[in-house]
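model the structure of this input:
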Amino acid sequence: MSNIPTAPGNVGFPQAYGQNQQYQHVQQFNQFAQPSAAAPNNIGPSYAVNPFPFPTATTSNEPVKPLASSQVPNGPNNFQVNQPKSYAPPVSSAFPGAPTGFPQQIPSFSSATQPVLNGQPSVAQPPIVPTIAQPPVSSAFANARPAPFPAASAAPAPTPASYQQQMAPRPQPPTSYPQQTGYPSTASQPGFPPAPPQTGYPQQYNQPQMQNMNQQFDQMKLGGAHGQQQQQQQQMGGFRNDIIDLIAERNIQQFGFEDITVQIPQSVAEPNAHVDPNIFRSTLVQVPQTEELLKKSRLPFAITLHPFRDVKNLNIIQCSNIVRCRYCRTYINPYVYLPDHRHWKCNLCNRNNDLPDDFCWDPVTKAFGDPRNRPEIQNATVEFIAPSEYMLRPPQPAVYVFVIDISAAAIQSGYLNTFAEQLLINLDQMPGDDRAQVCFIAVDQCLHFFSFSSNKRYPNEMIVDDIDDAFVPSVTSLLVPMKKFKDTIRQFIKQLPEFYSQISPTSNGNCLGSALKLAQSMIQEIGGRISIFQVSLPNLGLGALKSREESTEGGQNLGPATDFYKALSLECTGFQICLDLFMFNTQYADLATLSEVAKFSTGCVYHFPNYNSRNDVHQVKRFERTLTRYLTRKLGFEAVLRIRTSRGLALTGFYGNFFVRSPDLLALANVNPDSALAAQVTIEEKLPQYVCFQSALLYTSSKGDRRIRVHTMCLPTTGDLLQLYNNFDLKATVSYLAKIGVERSMTGNALADSREALVNAVIDSVGAYQKAVSRGSGMLVPRSGHLRLFPSYVLAMLKHPAFTSGRGIRLDERAGAMLMMRASPLEQILADIYPRLYRLNELATMPEDETPPMLPLSFEHISRGGVYLMVTGTIAFVYVAASADPGFLVNVFGTSIYNDIDDYSLLERDNDLSRRVHAFFKQVTQFRFYLGPIITIKEHSPLRDVFVRRLVDDRSESTHSYVEFLQHLKREISGN
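Numbers count the residues shown, from 1 in each chain. Here you go, the predicted model:
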């Protein structure tokens, strides 16, 4: 029988070969799921006692064990999600006797019969020379209270080895990696041919002769500075040019903060494919091969994931057969092995799989082509339109419920005017098809429902005053189709601020809990999104709260006061309902408790403290931009997220807003492009040449398609301790530390413990590096990588409202800052922790293709003649000094008189300099959807203190300056 495949009929993916054809919407699909081998359905994982990410923590090599349902802190057993019991029908194993669906070790090959991968034999890795372990670095605060993340019991300390002993000899790195400074030459490695002799240079002296000459020069005092420099370079092991002393270097920002390039092995199917680091990122760009090496480095190992981020030119694939590993269910990706056109080897479990015939079919040429041309192989991020077996029920429609506060405080704040205005503008842009539905509920002392009728211009208001035993007054007319009642809905929204412009006898209370319970009962058969707009503290009905702001010692009131809202969130998650919260309070409203509705239902929290539509124009503008983005952004319903890792790695903790169903499966009632999460990674066994992480997000689009968005990240491994520091990624680390610190602080731990753990993170990592390279004075860090910026960003975190120890911050404002960090992506967190500062008037003298560099956040870099731009996570400032150039002021602000500059002067004007300044504004604020308007601050303005407080490198009343913080770190490291 011939092995030549026949041409399949009408299959394949046209876009894979350059044909941009429209895909056909699938009306009805089934859903996929993978049964968890570690835990039954609806049971959350049990993690280790200590979830702190650093290697000082005790990590278990055992798989995560499930808890009993009574022990699960974040979910009941009646969790309902659109997910069947298995991904696909069982497939018989290629190896007899192997259990179907479980990983299996492939046969090993001898050196004489290496398998051919991608047309070339695989190269065996050189043996790894074991490094000498360093004694662990002790805690930074010996006399302080224990940190929330207790250190592991230290192993017996071996005899410290010198840096020269650690450096020689090292194996040659794989040929696919660039040669790093400080490694021995290739010719000096065993197994490599000697380098050809160099010509044109005089004969070199041998080592004994050179030593004798050096001794003679030293005796004659002719060695001078050169001899001392050579000796110092020998002590530094050849890395002197790659090391920075933070104590001596004042402007650490000048070295940049660029992303570290990932070197992917050439043996994979597509080594040039890289996942967007803003989507998938690791704290270590090169992964240690063993857990012992990770512990020795004292660096955190975690990943950050932004699964539903807006992606330009996303590759959307529609095919009848999605290619996946039949053992571990990994989706085919650029980092698999393709030995030929008929087989592929999974990069996560290393099992061999067959390629279906239609995978190589080119519908353009009507012939079989190279599988490497497929978009699944060419791109690290792809999205599949899922076939029918990936869905259990028809796709749910978009359902929106708005719960609005109409109490006295809400009427006085005036938020309803902005809410109604923006909802009218964006009503037609909200995600959804013709089946989209909407409902409105207003709350004060009573519940106000609105019944829509096709033969009436305005809806009927129905009031329920029995809030302890409330009921839904109507069945059919409260939740109505948006398309059918569009005109009536528009008239209602337009009149809403006028309806509730006066304080009524029922305006002195808030029964939010009762309203949410009824809203859940109305849409629980469908699912959807509940948007909550609150100004006052819910003090009546279900979930009533009392003010507890008076006792704020140690931040202990950051945890919830009642479990009502947590239980409600868990129930809503089972019904595919997401809850989002907008808070506009001027008085204490217990945001820490109310935010529980969003934590487990994949919701978001937006805080606008002291909101007043008449007195604070900037808050109003920020609310407008936030609400517009919220109403119009892409939305996914009834989603599940699974993260797979290479063999030898395990995920042991997740941080963000979601519901954990099993050790690698997260349930997301709704998924939006502005939420991200982090996960802790542990090493369970020695790792191969490279490792991979893959996330698969299954969701229902607002148009009714069932889709799967897949991100795959590939990282090389290393056995060299110094390479870990050279490839330390601070952006992922700061995002991860912020999320874990918030999680600990909002679940009952003292805020001081989280602050201490942040400081210990810097002391451990920098101290371990100094012991690896030198025992001299100073604060030594590598020039490459991001470790040099670690102290600066941790100091900024300690001064952020989420973690500051100052007593001037209100409890709700601290909780709001923490909630932002818990769910936000890393760009938002980084900008809010360490704002970007630029000198704008440099644009007047710079070439057109250059932009001002980012400055350190210190008033030392603010001159009396400058104009500066500061961009934070939620707001931007333009600071105008009193002696600024009048010519620059005329072009940009329209006046040369300093006192005439006001909040409305910064407009784009008809001159080249103004246009360039505003183009720079757009460049540095691109994709910052929640950024408020730019605030102009003059040198003598009352808002000057707001600008100065964000200069986190300077000293404040209760915190160190950057220089003082470095001295503190140096003392702690020296004491260890």
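
can you list the domains in the chain?
As recorded under the TED database, the domains making up the chain are 399-634, 835-949.

please list all residues in contact with the closest residue to L906 other than its chain neighbours.
Ranked by C-beta to C-beta, 6 or more residues apart in numbering and with sequence neighbours excluded, the top spatial neighbour of L906 is T936, at 5.3 Å. All C-beta spots, glycine's among them, are computed from the backbone N, C-alpha and C. With contact set as C-beta atoms under 8 Å, 6 or more residues apart in numbering, T936 has these partners: 877-878, 880, 901-903, 905-906.

for T936, give its distance to F947.
To F947, T936 is 11 Å away according to C-beta to C-beta, to the nearest Å.

returning to what we had before: tell me the most buried of the domains of the chain?
Among those, domain 399-634 has the highest mean neighbour count (mean count of other C-beta atoms under 10 Å), at a mean of 19.

what's the overlap in contacts for T936 and F947?
Taking C-beta under 8 Å, 6+ apart as the criterion, T936 and F947 both touch F877.

low-confidence ranges in the stretch 401-550 of the chain?
Scanning the stretch 401-550 of the chain for pLDDT under 70 picks out the ranges 549-550.

tell me which helix or strand the residue nearest to L906 sits in.
According to DSSP states H and E, T936 maps onto strand 934-938.

give me the sheet partners of that strand and which way each runs.
According to DSSP bridges, strand 934-938 forms sheet pairs with strand 876-880 (parallel).

and the helix ranked longest in the chain, what's buried?
In the chain, taking DSSP state H as the definition, the longest helix is helix 751-773. Residues of helix 751-773 classed as buried: 751-773 (neighbour count, 16 or more other C-beta atoms under 10 Å).

please, where are all the strands along the stretch 451-600 of the chain?
460-464, 480-481, 528-534, 577-583 (DSSP state E, counting those that start in this stretch).

so which of these gets nearest R822?
Closest approach to R822 among the strands of the stretch 451-600 of the chain is made by strand 577-583 (12.7 Å; C-beta to C-beta).

ok, now which ones touch the closest residue to M583 other than its chain neighbours?
Nearest non-adjacent residue to M583, counting by C-beta to C-beta, 6+ apart: H607, 5.0 Å away. For H607, the contact set (C-beta under 8 Å, 6+ apart) comprises 583, 591, 812-813, 815-816, 819-820.

point out where the protein drops to low pLDDT.
Applying pLDDT under 70 to the chain picks out residues 1-241, 549-556, 775-776, 976.

if we can go back for a sec, between the contacts of T936, which is closest to F893?
Closest to F893 out of these is S905 (4.2 Å), distances taken as C-beta to C-beta.

tell me if I'm right that A802 and V742 touch.
Yes: between A802 and V742 a contact is recorded at 6.6 Å, counting by C-beta atoms under 8 Å.

which one of those two has more residues nearby?
Between A802 and V742, counting by other C-beta atoms under 10 Å, A802 is the more crowded of the two (30 against 24).

how close does that one sit to F623?
A802 is 21 Å from F623, where distance means C-beta to C-beta.

what of G653?
The value you get for G653 to F623, if C-beta to C-beta is used, is 34 Å.

look up how far P801 lies from A470.
Look at A470 and P801: by C-beta to C-beta, they are 37 Å apart.

now do T476
Remark: distance between T476 and P801 (C-beta to C-beta) = 47 Å.

what's the answer for A248, then?
32 Å.

who has more neighbours out of those two?
Using other C-beta under 10 Å as the criterion, A248 and P801 rank with P801 on top: 18 against 8.

tell me which element A667 is part of?
If you go by DSSP H and E, A667 is part of strand 665-671.

tell me which other helices or strands that strand touches.
Other elements packing on strand 665-671 under the criterion 3 or more C-beta pairs under 8 Å, 6 or more residues apart in numbering; DSSP states H and E are helix 564-574, strand 577-583, strand 636-645, strand 659-662, strand 690-701.

sheet partners, orientation included, of the following helix or strand past it?
The helix or strand immediately downstream of strand 665-671 is strand 677-683, counting by DSSP H and E. In its sheet, strand 677-683 lies beside strand 302-305 (antiparallel), strand 649-655 (antiparallel), with partners assigned from DSSP bridges.

now the helix or strand following the first one: how far from the chain's centre is it?
Helices and strands here follow DSSP H and E; after strand 302-305, the next one along the chain is strand 315-317. The chain centroid and the centroid of strand 315-317 are separated by 24 Å, computed with C-alpha atoms, centre = their mean, to the nearest Å.

before we move on, what about stretch 732-751?
What separates the centre of stretch 732-751 from the centre of its chain is 14 Å, taken as C-alpha atoms, centre = their mean.

please apply the same query to stretch 363-378.
That offset, for stretch 363-378, works out to 33 Å (C-alpha atoms, centre = their mean).
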